[in-house]
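S.K.: just to be clear, the model below is a prediction. Sequence and coordinates:
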Amino acid sequence: MPRTSATQTRLKPETSELLVLEVLATRRISPSFVRVTLGGRDIDRFRPMGFDQWFRLFIPVAEDSLERLPQKLSTLAYLKFLTISKTSRPVLRNYTVRDFRDDGPQGPELDVDLVLHGDDAHGTAGPASTWARTCAPGDVVAVLDEGISFAPDPALGHVVLVADETGLPAVAGILRSLPADTTGTVVVEIPTGDDRQDLEAPAGVDVRWVARGGSDEQPGHAALEAARALPVPTEPFYGWVVGESALPVGLRRHWVAAGVPKENIVFCGYWKVGKTH
């Protein structure tokens with residue numbers, strides 16, 4: 001079974017090019033999240049699309065890390081990227097636009113929320129988590145816009161959105177972009193209750209937070225159980241589910257078994273337990 005349907009629904013940006021940006025600010029917004037604000041340099045060429053817009057983030061590991069990067073990440077370009085020496089090849093991760101502002105104090109600003117996985121002291125943190133904890137204003141990165149995957153039929157005015165913490169930025173972007181008359185339910189799993197965020201949503205959308213019971217609980221399990229417990233809407237709806245791979249795969253299976261058309265479901269495994277971030 002495929003682990004994502006996002007490639008079929010993806011809406012690519014009109015133009016996509018490698019943009020070099022700088023860290024403008026960082027802020028620990030909750031126990032599990034750091035918000036990094038990017039801007040400067042090429043930010044004027046970034047085009048916000050709303051919804052779950054995502055991009056490739058290239059984090060340098062050496063002074064020459066950004067010198068041989070592709071303008072598009074096709075299969076061939078990715079294979080060439082992998083030939084770069086590990087001593088200079090940047091860390092590559094996918095992230096969602098948490099927010100975009102045209103009128104920041106230093107010009108346009110792009111906010112990225114990064115989940116803090118693992119612990120640096122015990123060597124369990126991945127390179128992106130370490131960067132989120134340690135980056136500072138002036139640090140340089142590169143981004144490559146990849147567009148959006150949330151593209152429902154306009155006739156589907158009811159939505160069900162489900163995500164673990166890695167999908168929270170995308171949930172925020174989708175809710176902010178939905179028409180005001182949209183109805184639906186959102187389930188977001190977070191590591192702790194203190195990781196809740198204020199989300200701008202249509203009045204008819206019910207946002208529900210599920211905090212994990214403990215560090216030993218499988219990420220995504222609580223969201224999956226909460227979503228399965230919801231009555232499947234009798235009206236046609238658009239289902240969108242992302243997070244640790246077991247969550248989207250399991251909920252898609254549940255929805256399809258309940259008779260939801262596959263074309264009305266977008267699912268994507270953002271990550272997998274055991275792999276570094």
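M.R.: Received the coordinates, thanks.
S.K.: every contact and neighbour count from this point should use C-alpha atoms.
M.R.: Will do.
S.K.: now do the contacts for the closest residue in space to residue 27 that isn't next to it in sequence.
M.R.: Nearest residue to residue 27, sequence neighbours excluded (Cα to Cα, 6 or more residues apart in numbering): residue 35, at 5.2 Å. For residue 35, the contact set (Cα atoms under 8 Å, 6 or more residues apart in numbering) comprises 26-29, 111-114.
S.K.: and the gap between residue 35 and residue 117?
M.R.: 14 Å (Cα to Cα, to the nearest Å).
S.K.: quick one: buried residues of the helix ranked longest in the chain?
M.R.: For the chain, the helix with the greatest residue count under DSSP state H is helix 246-257. Buried positions in helix 246-257, judged by neighbour count with 16 or more other Cα atoms under 10 Å: 246-252, 254-255.
S.K.: nearest to residue 234, of those residues?
M.R.: Of all the buried residues of helix 246-257, residue 255 has the smallest distance to residue 234: 12.0 Å, by Cα to Cα.
S.K.: excluding its backbone neighbours, what's nearest that closest one?
M.R.: Counting by Cα to Cα, 6+ apart, the residue nearest residue 255 is residue 232, at 7.7 Å.
S.K.: same check on residue 166?
M.R.: residue 243 (5.9 Å).
S.K.: give me the pLDDT for that neighbour.
M.R.: With respect to pLDDT, residue 243 has a value of 97.
S.K.: buried stuff in stretch 31-50?
M.R.: By 16+ other Cα under 10 Å, the buried positions in stretch 31-50 come out as 32-40, 43, 46, 48-50.
S.K.: can you classify residue 76 by secondary structure?
M.R.: Counting by DSSP: H, G, I helix; E, B strand; the rest coil, the backbone at residue 76 sits in helix.
S.K.: what residues are up against the closest residue to residue 55 other than its chain neighbours?
M.R.: Closest residue to residue 55 apart from its sequence neighbours, by Cα to Cα, 6+ apart: residue 145 at 4.3 Å. With contacts defined as Cα under 8 Å, 6+ apart, residue 145 is in contact with 13, 16-18, 46, 53-56.
S.K.: so where do the strands sit in the stretch 151-277 of the chain?
M.R.: Along the stretch 151-277 of the chain, counting by DSSP state E, counting those that start in this stretch, strands occupy 158-163, 183-190, 204-211, 238-244, 265-271.
S.K.: what of the stretch 1-150 of the chain?
M.R.: Using DSSP E, counting those that start in this stretch, strands in the stretch 1-150 of the chain cover 18-30, 33-39, 54-59, 91-96, 99-104, 107-115, 140-147.
S.K.: and the contacts of residue 145 as TSV, adding pLDDT and distance to residue 264?
M.R.: As requested, those are arranged in TSV below (pLDDT from 0 to 100; distance: Cα to Cα, whole Å):
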residue	pLDDT	distance to residue 264
13	92	22
16	85	27
17	93	31
18	96	32
46	97	30
53	97	19
54	97	21
55	97	24
56	97	26
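S.K.: and of these, the nearest to residue 259?
M.R.: The closest of those, once distances to residue 259 are taken by Cα to Cα, is residue 53, at 28.6 Å.
S.K.: coming back round to it: residues making contact with the longest helix of the chain?
M.R.: 3, 163, 220-221, 223-224, 227-228, 232, 241-242, 262, 265, 267-269, 272.
S.K.: compute the inter-axis angle for that helix and strand 265-271.
M.R.: 160 degrees (axes from the mean of the first three to the mean of the last three Cα atoms, to 10 degrees).
S.K.: pLDDT on helix 246-257, on average?
M.R.: Computed over helix 246-257, the mean pLDDT rounds to 97.
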